[in-house]
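A.B. asks: My questions concern the predicted model and sequence given below.
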Amino acid sequence: MDLGLSEQQELLKNAAREFLENECPEQHVRDMEEDDKGYSPVLWQQMAEQGWQGLLIPEEHGGAGFDFLDLSVLLEEFGRALVPGPFMSTVLGGAVPIMEIGSDAQKAEFLPKIASGDLIFTLALTEPSARFDEVGVQAKATVSGNEVSFTGTKLFVPDANVADYMIVAGRSGKGVTLGIVATAQPGVKVTQLQTIARDKQCEVVLDGAKGQLLGADGAGWAALQPVLQKYTVAECAYLVGLSQMDFEIAVDYAKERVQFGRPIGSFQAIQHKCADMVTDVDGSRFIMYKAAWAISSGQPAKDTSIAVNMAKAWCSEATRRVVAHGQQIHGGIGFTKDYKIQLFFRRQKRAELAFGDADFHRELVAQQLGL
Amino acid sequence: MDWSDSPEQAAFRQQVKDFIQKELPERYRSGEESEELSGGWQADRKSDNADHRNTAIAWADSLAKKGWIAPAWPKEYGGAGLSTIEQFIYNQEMAEVAAPMPGGMGVSMLGPTLIVHGTDEQKAEHLPKILSGEVAWAQGYSEPGAGSDLASLQTRAVRDGDEYVINGQKIWTSGGHLADWLFALVRTDPEAPKHRGISFVMMDIKSQGLSLRPLINMGWKHHFNETFFEDVRIPVKNRIGEENRGWYVGMTLLDFERSGIAGAISYKRGQDQIKKFLDTAEGKAFKRVDANMVRLELADRAIETEVLFNFAFRIVSIQNRGMVPNYEASVNKMFGSEVHQRLARSETKLWGLYGNVWDPKSKYAPMGAQHVQDYVGSVPHTIFSGSSEIQRNVIATRGLGLPRG
C-alpha cells in the first residue's frame, strides 16, 4: 500500500509540468478560446514528440506502452495548465476504443498515426437526449459486412470540428453498434456550439455517414464500458489538476491582497475556505487515483465500476466547491475576463458535466451499494 | 500508487488475522460496537462481573505475549517495535473486528512521553504497569478556562521542598473514574509567557485532595469527569522533563502511525450493517416510505467514507516513506469527524419518527437505537482533540503558509 507516485510517474509529471508551463501559458489558453480550431497544430506535434498521444499505445503500434495510471498523472498536469485542444478526444475517445475493441488491422491502421500526432479522433456518443446510458444511443446504424453507416444527430461531440475520424455509436437491429467514421464526407455536417468553457463541442448531423464497423454488430454498449470508465476517470484527473491550480492561485492571492491593513489570508473566514479547498482537492486526487489504479491493475469488475462512479460523483462536486471558493476569495477582480481565475471556473463546469455529473454517478453508486 | 498489500504486508496482515481468530475472547466477537461494550476494555477490567474481568485479563495477556499491548513502542520497553505500516495493518485488523483495546491513554500518550523524556526510574516504575494493564491512565489537560487555548491553563503547582502542591481544576477527564493514575499539565511559573510556565506531572488518582465529579454528557453517559485539586501534594520526581518545559514534553510524538483508520472502518461497517438490516423484514418495516432522498444521502456518505479511507492511506504512505505528515493529519481529523456527524444524521433520517427512540431495548428502536445515539454521541467529535475550527486554522497556517491572524 502506497499512495505516492512511482519514480517513472514523478519523471512524467515533472517533464509535463515544465513543458506545459513553457508551451501552454495562460495566453495560449486564451488564444484558443477565440481560435476557430481550438488547438495549435504546432503544440499538437510537440506533444506527440513528447510521446503523449501514444502514451497508452503499445510499443508495437508506435506508442510508449505506459498504463492508464500513468496517463492519469499526465492528465492531472493537463488540467493544471488547462491545455486546450483534442487531446482527450483523441486518446480517450479514439485510441482507447480502438485498443479495446478494434481488430488487428484497425489497430495497425490507426494507432501509429494517433501516436505520431497525424490523426485527431473524437467519440460521438451523446445525442439531443443528453443521456449517458444505453437508451441515449438512438442514431440509426446500418451494418453491411465490415461497413456501417449512421443517420441521426450526435450532440456535445468534443472537437468534431478538427477531428479526422469519429468513433460513432448508433443503434442497429441488434443493439448499439460502433463505427470509425471519417468526418470529411458528404454525410457528416459539423456545427460548433458556444459553450461555457469555450471548448469546441459540436452538433454532428449524420446522414448515411459511412465508416468501418468497430467490434461486432450490436455489441457496442458492452464494448464501450471500459472506454467510458477510462474517459470518466480522465475527466476526474483533469479536474484534479484544474482545482489544484485554482486553489494555489487563490492561496497566493490571499497572501498578497491587503485589506484592513493586513493580508486577507490572515482572516479566519478566508483561511477556513482555503482549508476546505485543500481538503476537497486532496480528496479528489486520491479518489481519482484509486479508480485509475483499479482500472490499471485490473481489480474485480464490480470494485472498478463503483470506484469510477464514486470518483466522478465526488470530483464533480468537490472541484465545483473549490472553484467557487476561488472566485469568492478573489472578490471583484476574479469576475473580470482579464484575470486568470475565471478560466478555471468555466472549465470546471464542462468537466463536471462530462460523462455524468454527481447526481448521475451518485445514483449509480446507490444502486451498486444495494440502497 | 498501490492500494493493495505488498507480499510482506499481506503476510503480516495474515499473522494479525490468525491471532485474532485464535485469541479474541468470545465476548468480544460480535464484530461491532455495542452498548454492552461501550465502556471498552477499561470498563471490563473494573467490572463487578468476574467473568468480564477475567475476559479482559485473558485478552490483554494474549496481546502482551506478542508485545501487542503497545505495538508501536520500541521492543526494549516491552512494545513490538512495529513499523508504521505494520502498526497501520494491526490497527486496521483490530478495528475490522471492533476488538476492545487495552492500553488507552497509558499506551498512546503517557508511555511515549516517558520513553522520550522520562528518567530510568520513571520508566521502570510506570511502563511495566501500563503493559500489564495494572495501571490505567487518564489525562488532565483541559480546564474550564483553557479549551482550544490550552496553553492558558491555570491549575497551579507550587514547589514546596521535594513536593509540588497543586490547586485548581481540570475538565473533560475521560475515563477518570476508571483510571488509577493521572498525567497533567500544571502551571509552575505564572510570570513566564504562557507556553513556558507549564510542567508535565504524574499523580496517583487517589492522592489526598484530588476529587473527581462525574460530568454526564448530553447522551446521558458518564464518560467525562471534572477533576478538582485541593492542596494535592506530589513528589517532584513525578515531573517528566524539566520544570516549565511541560508544554513541549506534552507535545512529544513517537513514531506512531497517525492514519486514524479505525474511524473509517467503523463508518463503513455501520453502512454495511444497515444494508443487511434493510434486507430483513424488520428493517423493511422500519424504513420510511419516502426514503429516496435518504438513499442518495447515504450514497454520498459512502463516497465520503471512501475519501476518508484514502486520507488515512495517505498518512501512512507519508510515514512509511520516512516523512512526517503536516497538515494532512488535521485534514483527517476535521474531515473524519464531520463525516461522522453527517453519517449519523443521514442514518437516523432513514427511520423517520423511529429515529427518535433512544432506548436500545425498545421494540420500536431500529438497530438498537444506535443511529440516534450516534447522532448525539458524534457531537463532540468536531470539538475534542482540536476542534474543526482549530484544525482549519492549522491547515491554513501550518499547511498552506497563510499568515496568522
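C.D. replies: Looks like it came in fine. Numbering: from 1, shown residues only, chains lettered A, B, ... in the order given.

A.B. asks: Parallel or antiparallel, which strands does the top strand by length along chain B pair with?
C.D. replies: Assignment by DSSP state E gives strand B:222-235 as the longest strand of chain B. Strand pairing for strand B:222-235, using DSSP bridges, gives strand B:163-170 (antiparallel), strand B:210-216 (antiparallel).

A.B. asks: what's the most buried one of those?
C.D. replies: Scoring the strands paired with strand B:222-235 by mean neighbour count under mean count of other Cβ atoms under 10 Å in any protein chain shown gives strand B:163-170 as the most buried, with a mean of 20. Any C-beta I mention is one placed from the backbone N, CA and C, and that applies to glycine too.

A.B. asks: The residue in the stretch 101-250 of chain B that chain A sits nearest to: what's it in contact with?
C.D. replies: With Cβ to the nearest Cβ as the measure, B:Ser148 is the residue of the stretch 101-250 of chain B nearest to chain A, at 12.3 Å. The contact partners of B:Ser148, by Cβ atoms under 8 Å, 6 or more residues apart in numbering or on different chains, come to B:386-387, B:389-390.

A.B. asks: if you set the cut-off to 6 Å instead, what comes out?
C.D. replies: When contacts are counted by Cβ atoms under 6 Å, 6 or more residues apart in numbering or on different chains, B:Ser148 is found next to B:387, B:390.

A.B. asks: quick one, phi psi at it?
C.D. replies: Dihedral pair for B:Ser148: phi -60, psi -30, per degrees, to the nearest 10.

A.B. asks: how close does it get to B:Gly399?
C.D. replies: Going from B:Ser148 to B:Gly399 by Cβ to Cβ, to the nearest Å gives 18 Å.

A.B. asks: Please name the strands paired to the longest strand along chain A in the sheet, noting orientation.
C.D. replies: The single longest strand within chain A, with elements called by DSSP E, is strand A:201-214. Next to strand A:201-214 in the sheet, as set by DSSP bridges, lie strand A:147-158 (antiparallel), strand A:175-182 (antiparallel), strand A:188-192 (antiparallel).

A.B. asks: Quick one: classify the most centrally placed residue in chain A as helix, strand or coil.
C.D. replies: In chain A, the centroid-proximal residue (Cα atoms, centre = their mean) is A:Glu235; its distance is 3.8 Å. Following DSSP: H, G, I helix; E, B strand; the rest coil, A:Glu235 is assigned to helix.

A.B. asks: if I pick it, what's in contact with it?
C.D. replies: By Cβ under 6 Å, 6+ apart, A:Glu235 lies in contact with A:351, A:354-355.

A.B. asks: re earlier: and of the strands paired with strand B:222-235, who's closest to B:Asp61?
C.D. replies: Smallest distance to B:Asp61 across the strands paired with strand B:222-235 (Cβ to Cβ): 29.0 Å, for strand B:210-216.

A.B. asks: just so I have it, where are all the helices in chain A?
C.D. replies: Per DSSP state H, chain A carries helices over the ranges A:7-23, A:26-34, A:41-50, A:68-81, A:87-90, A:96-101, A:104-115, A:220-256, A:268-296, A:301-330, A:341-353, A:358-368.

A.B. asks: In a markdown table, list these along with mean pLDDT.
C.D. replies: Conversion of those to a markdown table gives the following (pLDDT from 0 to 100):
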| stretch | mean pLDDT |
| --- | --- |
| helix A:7-23 | 98 |
| helix A:26-34 | 98 |
| helix A:41-50 | 98 |
| helix A:68-81 | 98 |
| helix A:87-90 | 98 |
| helix A:96-101 | 98 |
| helix A:104-115 | 98 |
| helix A:220-256 | 98 |
| helix A:268-296 | 98 |
| helix A:301-330 | 98 |
| helix A:341-353 | 98 |
| helix A:358-368 | 97 |
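
A.B. asks: wait, which of the ones you listed is closest to B:Phe313?
C.D. replies: helix A:268-296 (7.4 Å).

A.B. asks: so B:Phe228 touches B:Ser211, yeah?
C.D. replies: Yes: in this structure, B:Phe228 is within contact of B:Ser211 by Cβ atoms under 6 Å, at 4.8 Å.

A.B. asks: Residue of the stretch 51-200 of chain A closest to chain B, please.
C.D. replies: Minimum separation of the stretch 51-200 of chain A from chain B (Cβ to the nearest Cβ) falls at A:Leu69, amounting to 6.3 Å.

A.B. asks: and the closest residue to that residue other than its chain neighbours, what does it touch?
C.D. replies: Using Cβ to Cβ, 6 or more residues apart in numbering or on different chains and skipping the chain neighbours, the partner closest in space to A:Leu69 is A:Ser296 (4.1 Å). Contacts for A:Ser296 (Cβ under 6 Å, 6+ apart) come out as A:67-69.

A.B. asks: out of those, who has the most neighbours?
C.D. replies: A:Phe68 (24 neighbours; other Cβ atoms under 10 Å in any protein chain shown).

A.B. asks: That one contacts A:Ile295, correct?
C.D. replies: Yes: in this structure, A:Phe68 is within contact of A:Ile295 by Cβ under 6 Å, at 5.2 Å.

A.B. asks: domains of the chain?
C.D. replies: Just so you know, I chose chain A. Domain segmentation of chain A under automatic domain parsing yields A:7-115, A:121-218, A:222-368.

A.B. asks: oops, chain B please
C.D. replies: Using automatic domain parsing, the domain parsing of chain B gives B:7-102, B:137-250, B:261-399.

A.B. asks: Could I get the contacting residues of A:Val29?
C.D. replies: A:82, A:84, A:343.

A.B. asks: For the last one, give its distance to chain B.
C.D. replies: Applying Cβ to the nearest Cβ, to the nearest Å, one obtains 22 Å for the distance of A:Leu343 from chain B.

A.B. asks: tell me the contacts of that residue?
C.D. replies: A:Leu343 is in contact with A:29, A:82, counting by Cβ under 6 Å, 6+ apart.

A.B. asks: try the second one
C.D. replies: Contacts for A:Pro84 (Cβ under 6 Å, 6+ apart) come out as A:29, A:32, A:38-39.

A.B. asks: which among those gets closest to B:Val232?
C.D. replies: A:Val29 (67.8 Å).

A.B. asks: pLDDT at the closest residue to that closest one other than its chain neighbours, what is it?
C.D. replies: Nearest residue to A:Val29, sequence neighbours excluded (Cβ to Cβ, 6+ apart): A:Leu82, at 4.8 Å. Note on A:Leu82: pLDDT of 98.

A.B. asks: ok, A:Leu82 - how many residues close by?
C.D. replies: Around A:Leu82 there are 25 other residues, counting by other Cβ under 10 Å.

A.B. asks: Show the contacting residues for it.
C.D. replies: For A:Leu82, the contact set (Cβ under 6 Å, 6+ apart) comprises A:29, A:343, A:347.

A.B. asks: can you tell me how far the residue of the stretch 101-250 of chain B closest to chain A sits from B:Ser199?
C.D. replies: According to Cβ to Cβ, B:Ser148 and B:Ser199 sit 21 Å apart.
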